[in-house]
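Peer 1: I'll drop the sequence and a predicted model, then ask my questions.
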Amino acid sequence: MSLKLPQGMTISGAIQPGFDAILTPEALAFVADLHRTFEGRRQELLAARVERTARLDAGERPDFLASTAHIRAGDWKVAPLPEALACRRVEITGPVDAKMVINAFNSGADSYMTDFEDSNAPKWENQIQGQINLAAAIRRTLTLESNGKSYKLNDRIATLQVRPRGWHLDEKHVLVDGQRVSGGIFDFGLFLFHNAKEQIARGAGPFFYLPKMESHLEARLWNDLFVRAQDKLGLPQGTIKATVLIETILAAFEMDEILYELREHSAGLNAGRWDYIFSCIKKFKVDTDFCLAERSKVTMTSPFMRAYALLLLKTCHKRGAPAIGGMSALIPIKNDPEKNAIAMQGIINDKKRDATDGYDGGWVAHPGLVEPAMKEFLAVLGDKPNQWEKQRPDVAVTSAQLLDFQPETPITEAGLRYNINVGIHYLGAWLAGNGCVPIHNLMEDAATAEISRSQVWQWIRSPKGVLDDGRKVTAAMVRPLVAEELAKIKATPAVGEFDRAAQIFEKMSTDEAFAEFLTLPLYEESTF
Ligand SMILES: CC(=O)SCCNC(=O)CCNC(=O)[C@H](O)C(C)(C)COP(=O)(O)OP(=O)(O)OC[C@H]1O[C@@H](n2cnc3c(N)ncnc32)[C@H](O)[C@@H]1OP(=O)(O)O
Ligand SMILES: O=CC(=O)O
Ligand SMILES: [Mg+2]
C-alpha cells in the first residue's frame, strides 16, 4: 500500500492495512509543519542537555535558578481546569495495544494514561496501531476477540490522557527534508489531528502527559507547540491540557517555572519516581561521593525522594494545579496469596502516604490495583474530587534536601545480580517489541530498567561501588554474572531476544561512555 505524502516527507515503515487511516496526507502535513517549526529548537535544547551534563560532570551542582526567582515569588495560578480533569484519584497507565487499552478504559480508574513512552517499545507497528486503537476507542468502536474472550468498552470509561515520547527520541521511520521527526511531535501531532475535535465534542480532552523534561525551556517548547497546533486546527487556545512528569533531578529545581510556562495548558505535575531515581544516578554518575544503595533500598521515603515528593505537592497546590503521585512497581501476584498480600499492603501504604500528604491522585500499573488505591484516596478525600485546596506551609524544601542522596548502602551480590537479571530480561523483551513486562513480580519498563543498568555502570566506576562483603564491583566481576543471569532467564518461559540483550547490557555497563538513554542505542539496534 502506498501513501500520498506531503512534499519533503519520506516514510520507511511498512504500511499495513488500516495505517492509511492515520497516515493521511492532512495529518502528515500537520506533523511536517510542527517539525519544520520546532525541530531547530528541539535540537538546541538537546544540545543544552549535553552542555549541562558536562558542567555537572565537572562538579557543578543544580540549584533553584536566580534568573527565575520572580516566577517562584510571584502570585500566579494555572488556568482553571475542565470538569473532566477535576477528579483523578486513581490513574491507570499502560501501553497502547488493543487489549490493554480496553481493559484500562474499563478498569474503574478515574483516568487512563495511555503510553507511547516508558511502557511501550516504539516499534513502528506499535506506534501506528496504537493511534488506530485510540481513535477507535474515543469513537467507542474498539473491540477485540482474543483467546476466546470478547473485549468491548463499558458505558462508563476512564478519562483519557496520552503520553507521547520524550524530546530525546526520534521517529526513525519518518523523515522531513531528510531529518528524522521527533517521536514526541509524531505521537502528539497524529493523536491531536485525528481526535481533538471528537474528544471536545464528547466533553473530555485532548489531555496529555509530558515526560522526561530537564528544564522549563523544554516546557516552553511544548507550550509553543500547543499554541501552534491549536491555531492550525482551529481549536480555542488553552484547549489542550497537559500534566508534566517531574522525573529528572534538574526539573525538580524548576517546578514552578514549568507550571508557569504551561500555565494556560497545565493540568499539574506528576511524581515520576522511577525516571527520577535514574536521572539522579545519571546526572551525578561521575561524582566520587555519589552512590545509591541497591535499587530495592531506594524508596519514596528515602530523604531525597521524600523532599522531591513534598516539594512537588506544595508547588502544585500553591499554583492551583493537581499533584498526582507516581507508580509503585508492585503488581498482583498470582497463585501466591501470601506474597500477594504483602504486595497489596505495599500499594496501600504508597497510596495512603500520597493521599495523606495532600496528593490528588496516583498511578497504578494494573487493573487489580485500582480498587485498593481508590480506597486510600477515598479515605482521605471522602466526597471531594480532589484536595487542591490543601496547602503545605509546613513544607520548606532546600536544594540540600533534594540532593541528600541516602541510603548509600547496602550493595549486595544479590542486588547486583538482580540489576543484571532485570536489565537483560527487559532489554530482551524490548527488542522483541514489548516495552513492559512483569519480572520477579514487579512491573518493569524503560524507566525501572534504566535504574538497573545505570547502577551497574556506576558501581563499576564509583569508589563506593563496594559489596557488603568488601568486594569492589568491577567489570571483571560483572561479566561472568551476565552469563549466569542470562542462563537463568533463558531457562524460564520468558519471551525475548535475550542473547543480544545480554551482549548490549554487558557493553553498556562496562563501556567507558555512559549511554544517555538505554532506548537510544536499542532503537538504532532494533530491527523494528
Ligand atoms: C515508570 C513508568 O513509566 S510507570 C508507567 C508505565 N508502566 C505501565 O504503564 C505499566 C503497565 N502495566 C503492564 O503493562 C502490566 O500490568 C504488566 C506487564 C506489568 C503485567 O502484565 P500481565 O502479566 O499481563 O498482568 P496480568 O496477567 O496480571 O493481567 C491480567 C489482566 O489485566 C490486564 N492488564 C494488566 N495491566 C494492565 C494495564 N496496565 N492496563 C490495562 N490492562 C492491564 C491484562 O491485559 C490482563 O487482561 P486479560 O485478563 O483480559 O487477559
Ligand atoms: O514515568 C514514570 C516514572 O516513574 O518514570
Ligand atoms: Mg518515566
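Peer 2: Received the coordinates, thanks. Ligands and ions are numbered 1, 2, ... in the order given.
Peer 1: ok, now which ones touch Ser107?
Peer 2: When contacts are counted by C-beta atoms under 8 Å, 6 or more residues apart in numbering, Ser107 touches Ile92, Ala158, Pro367, Val370. Every residue, glycine included, has its C-beta placed from N, CA and C.
Peer 1: Ok, Tyr209 next?
Peer 2: Met113, Gln161, Val162, Arg163, Ala242, Thr243, Val244, Leu245, Asn270.
Peer 1: go on, Gln401?
Peer 2: Pro303, Phe304, Ala307.
Peer 1: how does it look with 7 Å?
Peer 2: Gln401 sits next to Pro303, Ala307 when contact means C-beta atoms under 7 Å, 6 or more residues apart in numbering.
Peer 1: can I assume it sits in a helix?
Peer 2: Yes - the assignment for Gln401 by DSSP: H, G, I helix; E, B strand; the rest coil puts it in a helix.
Peer 1: Begin at 405, not 1, for the rest of this chat.
Peer 2: That works, and once the first residue is 405, the last one we named lands at Gln805.
Peer 1: about what we covered before: filter the contacts of Tyr613 down to the ones close to ligand 1.
Peer 2: The subset of the contacts of Tyr613 within reach of ligand 1, by C-beta under 6 Å from any ligand atom, is empty.
Peer 1: distance of Phe520 from ligand 1?
Peer 2: Distance, Phe520 to ligand 1, by C-beta to the nearest ligand atom, to the nearest Å: 11 Å.
Peer 1: Okay, and the closest residue to ligand 3 within the chain sits in which element?
Peer 2: At 3.5 Å from ligand 3, Asp679 is the closest residue in the chain, using C-beta to the ion. With secondary structure defined by DSSP states H and E, Asp679 is part of helix 677-687.
Peer 1: domains for this protein, by residue range?
Peer 2: According to automatic domain parsing, the chain comprises the domains 413-732+741-804, 817-929.
Peer 1: tell me the angle the longest helix along the chain makes with helix 677-687.
Peer 2: The residue-count maximum for a helix in the chain (DSSP state H) belongs to helix 429-461. With axes from the mean of the first three to the mean of the last three C-alpha atoms, to 10 degrees defining the directions, helix 429-461 sits at 50 degrees from helix 677-687.
Peer 1: Report the mean per-residue pLDDT for helix 429-461.
Peer 2: Average pLDDT, helix 429-461: 98.
Peer 1: what do you get for stretch 749-767?
Peer 2: Here the average pLDDT along stretch 749-767 is 98.
Peer 1: Over to stretch 638-645?
Peer 2: 98.
Peer 1: related to what we said a few turns ago, dump the domains of the chain to TSV, plus distance to ligand 2.
Peer 2: Shown next, in TSV, are the domains of the chain (distance: least, C-beta to the nearest ligand atom, whole Å):
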stretch	distance to ligand 2
domain 413-732+741-804	3
domain 817-929	3
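Peer 1: rewinding a little: columns distance to ligand 3, neighbour count and secondary structure on top of the contacts of Tyr613, output as a markdown table?
Peer 2: Formatted as a markdown table, those follow (distance: C-beta to the ion, whole Å; neighbours: other C-beta atoms under 10 Å; DSSP: H, G, I helix; E, B strand; the rest coil):
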| residue | distance to ligand 3 | neighbour count | secondary structure |
| --- | --- | --- | --- |
| Met517 | 11 | 28 | strand |
| Gln565 | 14 | 26 | strand |
| Val566 | 15 | 25 | strand |
| Arg567 | 9 | 26 | strand |
| Ala646 | 15 | 23 | strand |
| Thr647 | 12 | 27 | strand |
| Val648 | 11 | 28 | strand |
| Leu649 | 6 | 26 | strand |
| Asn674 | 9 | 31 | strand |
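Peer 1: Kindly indicate which of these lies nearest Leu469.
Peer 2: Closest approach to Leu469 among the contacts of Tyr613 (C-beta to C-beta): Val648, at 16.7 Å.
Peer 1: Show me what the helix or strand just after the longest helix of the chain is packed up against.
Peer 2: Using DSSP H and E, the helix or strand that directly follows helix 429-461 along the chain is helix 473-477. The contact analysis (3 or more C-beta pairs under 7 Å, 6 or more residues apart in numbering; DSSP states H and E) places helix 473-477 against helix 659-665.
Peer 1: Would you mind pulling up the elements that the helix it packs on packs against?
Peer 2: helix 473-477, helix 620-637, strand 670-675, helix 707-722.
Peer 1: repeat that with 8 Å
Peer 2: helix 473-477, helix 620-637, strand 645-650, strand 670-675, helix 707-722 (3 or more C-beta pairs under 8 Å, 6 or more residues apart in numbering; DSSP states H and E).
Peer 1: now these as JSON lines including distance to Asp437?
Peer 2: Shown next, in JSON lines, are the helices and strands packed on helix 659-665 (distance: least, C-beta to C-beta, whole Å):
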{"stretch": "helix 473-477", "distance to Asp437": "30"}
{"stretch": "helix 620-637", "distance to Asp437": "7"}
{"stretch": "strand 645-650", "distance to Asp437": "20"}
{"stretch": "strand 670-675", "distance to Asp437": "24"}
{"stretch": "helix 707-722", "distance to Asp437": "33"}
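Peer 1: With respect to Leu449, which of these lies nearest?
Peer 2: Closest to Leu449 of these, according to C-beta to C-beta: helix 620-637, at 5.4 Å.
Peer 1: Report the buried residues of the closest one.
Peer 2: Residues of helix 620-637 classed as buried under the neighbour-count rule (16 or more other C-beta atoms under 10 Å) are 620-627, 629-630, 633-634, 636.
Peer 1: Identify the farthest-apart pair in these.
Peer 2: Between any two of the buried residues of helix 620-637 (C-beta to C-beta), the greatest distance is 24.3 Å, for His620 and Lys636.
Peer 1: burial count for Ala462?
Peer 2: 8 (other C-beta atoms under 10 Å).
Peer 1: Tell me how far it lies from ligand 1.
Peer 2: From Ala462 across to ligand 1, the span is 30 Å (C-beta to the nearest ligand atom).
Peer 1: Could you do Thr705 as well?
Peer 2: On the measure of C-beta to the nearest ligand atom, Thr705 and ligand 1 end up 18 Å apart.
Peer 1: what's the answer for Leu546, then?
Peer 2: 13 Å.
Peer 1: Not counting residues beside it along the chain, what's closest to that residue?
Peer 2: Ala540 (3.9 Å; C-beta to C-beta, 6 or more residues apart in numbering).
Peer 1: For the helix or strand bottoming out on mean pLDDT in the chain, list every residue counted as buried.
Peer 2: The weakest-scoring helix or strand in the chain, judged by mean pLDDT, DSSP states H and E, is helix 923-929 (a mean of 92). Under the neighbour-count criterion of 16+ other C-beta under 10 Å, helix 923-929 has Thr923, Leu926, Tyr927 buried.
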